[in-house]
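Enquirer: Attaching a predicted model along with its sequence, questions to come.
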Amino acid sequence: MQSFRTELENPVVERDIIELERKIRLYRDGKIDEEKFRSLRLARGIYGQRQQGVQMVRIKLPYGKVTTQQLERICQVSDEYSRGNLHITTRQDIQIHYVSLDRTPELWAELERDDITLREACGNTVRNVTASATAGIDPKELFDVSPYAQAAFEYFLRNPVCQEMGRKVKIAFSSSESDTAYTFMHDLGFIPKIRVVNGKEERGFKVMLAGGLGSQPYLAEVAFEFLPINQIIPFSEAVLRVFDRYGERTKRHKARMKYLLQDVGLDGFLKLVEEERLALKYKVYEIDGTVTSELQPPAIIELPDFELSDWQKYDKWLTTNVFQQKQTGYFSVGLKIANGDIKTPVARQLIQIINELTADEIRLTNTQGILLKYVPAVHLPYLFQKLNEIGLAEIGFESTADITSCPGTDTCNLGISNSTDITRELEKVIYDEYPEFIYGNDISIKISGCINSCGQHAMAAIGFHGSSMKKDKLVLPALQVLIGGGVLGDGAGAVADKVIKVPSKRGPDVLRLLLNDYQENRNEGEYFLSYYQRQGKIYFYDLLNPLTDMDKITDDDFIDWGQTAPYVQAIGVGECAGVTIDLVATLLLESEEKTANAQEAFEKAEYADSIYYAYTSFINTAKAILTSEGIKTNTQSGIIKDFDLNFVQSEKVKLPVSFEELVYQINKDEPTADFAAYYLDQARGFTQLIKTYREAALA
């Protein structure tokens, strides 16, 4: 691996990238444990692929906002370091696959030249902050939530409170009560509200807490019906501090915030949040809600002579892909991107079109599409023509025919069966056999390659996730069918029921049966979700059950979509979050790194950050010595209790007070300079005390 150095204007970013390169070198030299290195690279957006020797790099684009200059930079990076494909995700990121690990620092540096980061796009961190793609132009919105999403992204990026949590945390802002950001499935969800106080309007948010999908979906609970805007950052930070301290860390399948909420209850959770308030960096955090007002609509240009090649398609496109903005005279245009994949040559042609005809602010959607903004009405025919020429005027944006899917077995370690080719097959069924569904979005269809719901199948009207079945001793690819999920509005949602499992090649017939039944038996004006609830799960099980008949299995059923060879189930190790390290020396080394970080933050007068770094040093040190004596740990609060029980009460380690009293000073004092200095000194002293104990024990 050749030495690499970068020159960036931001010294914090530059140091991050150089540190990544240094850690890759240490890993290559066998000086960093595999699991520890995995955790480190995940927090820098670098995720192992199904294919050995290459990585998926996830680019973090807060609320899907990207300029044409940034998109061009991403295209350059994809061409140089990958295969010229951009994959849009349901979290409004862009993923680039097949990247060499050794080239990731250089790739990151190239992206940062246009203010694009990889930091905390994966791992046990605050993931990309998402928002309604229509934020700022939504006719239903009370105010633009984009500045608040941006503020949350900036505040928690590199924040010591959320660097090494038990699991990931997801945050979303919806533009209106329509809840197009799906706040009900997020750890923290925000829906804009306005109340009148003393005759004046006050902005705030309805706050949803601890929702999640995965293998066991859980609908978020309402933490506040109204929280003033200057409280959303303090409240969010307090939530993260509670999750960091009390959340599960060993049992990965129980490590999401939803499980902590279920354990302690909403009132208990909010009580813990309130106990953190004194220690917060900011008790009030003001956010300028007008920062997006500088966006300039495009100049209306004199269009060249042209003739629409397909008037019939244009009329359909106007119906399904074009939307009136709240700004009079302007329209937004949705681009349906198949499987979320767009090649760089097409993306560059799109950039040229945007520069000429729309505002320079693209929004990637949580349905894996692209939304263009501020299109003057007179530009629409010419815009359609240009988009149609490059294959980006497909009708049915965010309709039933616009199916969401994760990469599945194409690249993901966890994929069980194909999700991309079956998506294209199901879309073909709708376009060819049920064209009326292209004009509505009542029935959402979402597909994941496994149970973990990256394709959000658990909240779909019709959902599928990859699975397998057995015929005698042979294994064939299968689809678990889920029905009845969806958005109810204002923070409420419905989780889809698992109804039945069928061989993958029968997926199109599942769709046909469901659509036929709905068309034939629904009441007038009855939406699909209401129809499902009226008929019930057993009705749909009976409807689909003939498709499970294993006596009619053919040779083709043993070959997955998009493949030619017989199916082989091959599931790797998932990397959706880092793996906890139980190596004593590594933990003690990390403790010293944390105190060094605390000292640096203290010297910058960032006292709250310094205190939190010192806190994590206490935790790592205590965990190290507990691990050395075979004592298993899970939560940080458990580590504190176990250390007192096994070392302080037995007087193996002598402290002036209990370890709990020592550590929990973190939320009993204001983050002042004096307390930060004292707490850091105590953390250093504790680490030295444990190292001495450890050396004596080894001797």
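Expert: Arrived safely, thanks for sending.

Enquirer: Just the CA trace of the helix or strand hosting residue 243, in PDB.
Expert: Element membership for residue 243, per DSSP states H and E: helix 232-246. Extracted C-alpha coordinates of helix 232-246, given in PDB (Å, rounded to 0.1, in the frame of the first residue of the first chain):
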ATOM      1  CA  ILE A 232     -35.000  19.300  19.200                       C
ATOM      2  CA  ILE A 233     -31.200  19.100  19.400                       C
ATOM      3  CA  PRO A 234     -30.900  19.000  23.200                       C
ATOM      4  CA  PHE A 235     -33.600  16.400  23.400                       C
ATOM      5  CA  SER A 236     -32.000  14.300  20.600                       C
ATOM      6  CA  GLU A 237     -28.600  14.500  22.300                       C
ATOM      7  CA  ALA A 238     -30.100  13.400  25.600                       C
ATOM      8  CA  VAL A 239     -31.800  10.500  23.900                       C
ATOM      9  CA  LEU A 240     -28.500   9.400  22.400                       C
ATOM     10  CA  ARG A 241     -26.800   9.600  25.700                       C
ATOM     11  CA  VAL A 242     -29.400   7.400  27.300                       C
ATOM     12  CA  PHE A 243     -29.200   4.900  24.500                       C
ATOM     13  CA  ASP A 244     -25.400   4.900  24.600                       C
ATOM     14  CA  ARG A 245     -25.400   4.100  28.300                       C
ATOM     15  CA  TYR A 246     -28.400   1.700  28.800                       C
END
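
Enquirer: what helices or strands is the next helix or strand after it leaning on?
Expert: Going down the chain from helix 232-246, the next helix or strand is helix 257-275, by DSSP H and E. Contacts defined by 3 or more Cβ pairs under 8 Å, 6 or more residues apart in numbering; DSSP states H and E place helix 257-275 against strand 200-209, strand 221-228, helix 232-246. C-beta coordinates here come from the backbone N, C-alpha and C atoms, glycine included.

Enquirer: List the buried residues in the helix or strand just after helix 257-275.
Expert: Downstream of helix 257-275, the first helix or strand assigned by DSSP H and E is helix 311-321. Using 16 or more other Cβ atoms under 10 Å as the test for burial, helix 311-321 gives 314, 316, 317, 320, 321.

Enquirer: which stretches of the stretch 251-400 of the chain aren't confidently modelled?
Expert: Applying pLDDT under 70 to the stretch 251-400 of the chain flags residues 292-294.

Enquirer: Quick check: phi and psi at the nearest residue to residue 641 once chain neighbours are set aside.
Expert: The shortest distance from residue 641 to any non-neighbouring residue, by Cβ to Cβ, 6 or more residues apart in numbering, is to residue 660 (6.9 Å). Here is the backbone geometry of residue 660 (degrees, to the nearest 10): phi -60, psi -50.

Enquirer: If you average pLDDT per helix and strand, which one of the chain comes out bottom?
Expert: helix 34-42 (a mean of 76; mean pLDDT, DSSP states H and E).

Enquirer: and the closest residue to residue 340 other than its chain neighbours, what is it in contact with?
Expert: Leaving out its chain neighbours, the residue that sits closest to residue 340 by Cβ to Cβ, 6+ apart is residue 368, at 3.3 Å. Residues near residue 368 by Cβ atoms under 8 Å, 6 or more residues apart in numbering: 88, 89, 90, 337, 339, 340, 404, 405.

Enquirer: Against residue 22, how distant is the second one?
Expert: This points to residue 89. 29 Å (Cβ to Cβ, to the nearest Å).

Enquirer: for the third one, same thing?
Expert: Computed as Cβ to Cβ, the residue 90 to residue 22 distance reads 33 Å.

Enquirer: between those two, who's got more neighbours?
Expert: Shown here are residue 90 and residue 22; by other Cβ atoms under 10 Å, residue 90 has more neighbours (22 against 12).

Enquirer: What does the pLDDT read for the closest residue in space to residue 632 that isn't next to it in sequence?
Expert: Once flanking residues are discounted, residue 632 sits nearest to residue 250: 6.9 Å by Cβ to Cβ, 6+ apart. For residue 250, the model assigns a pLDDT of 83.

Enquirer: Quick check: phi and psi at residue 250.
Expert: Main-chain dihedrals, residue 250, degrees, to the nearest 10: phi -90, psi -50.

Enquirer: And for it, the neighbour number?
Expert: Counted with other Cβ under 10 Å, residue 250 comes out at 14.

Enquirer: What of residue 215?
Expert: Neighbour tally, residue 215, other Cβ under 10 Å: 11.

Enquirer: Let me know whether it touches residue 454 as I believe.
Expert: No - counting by Cβ atoms under 8 Å, residue 215 does not reach residue 454; the two are 11.8 Å apart.

Enquirer: Would you map out the domains in the protein?
Expert: Under the assignment automatic domain parsing, the domains of the chain span 11-112, 130-291, 296-389, 404-558, 584-698.

Enquirer: among those domains, which gets the worst mean confidence?
Expert: domain 11-112 (a mean of 89).

Enquirer: any idea how far stretch 379-387 is from the chain center?
Expert: 33 Å (Cα atoms, centre = their mean, to the nearest Å).

Enquirer: Mind listing residues that contact it?
Expert: Counting by Cβ under 8 Å, 6+ apart, 298, 300-301, 303-304, 306, 308-309, 314, 317-318, 322, 331, 333, 335, 350, 353, 357-358, 372, 375, 393 sit against stretch 379-387.
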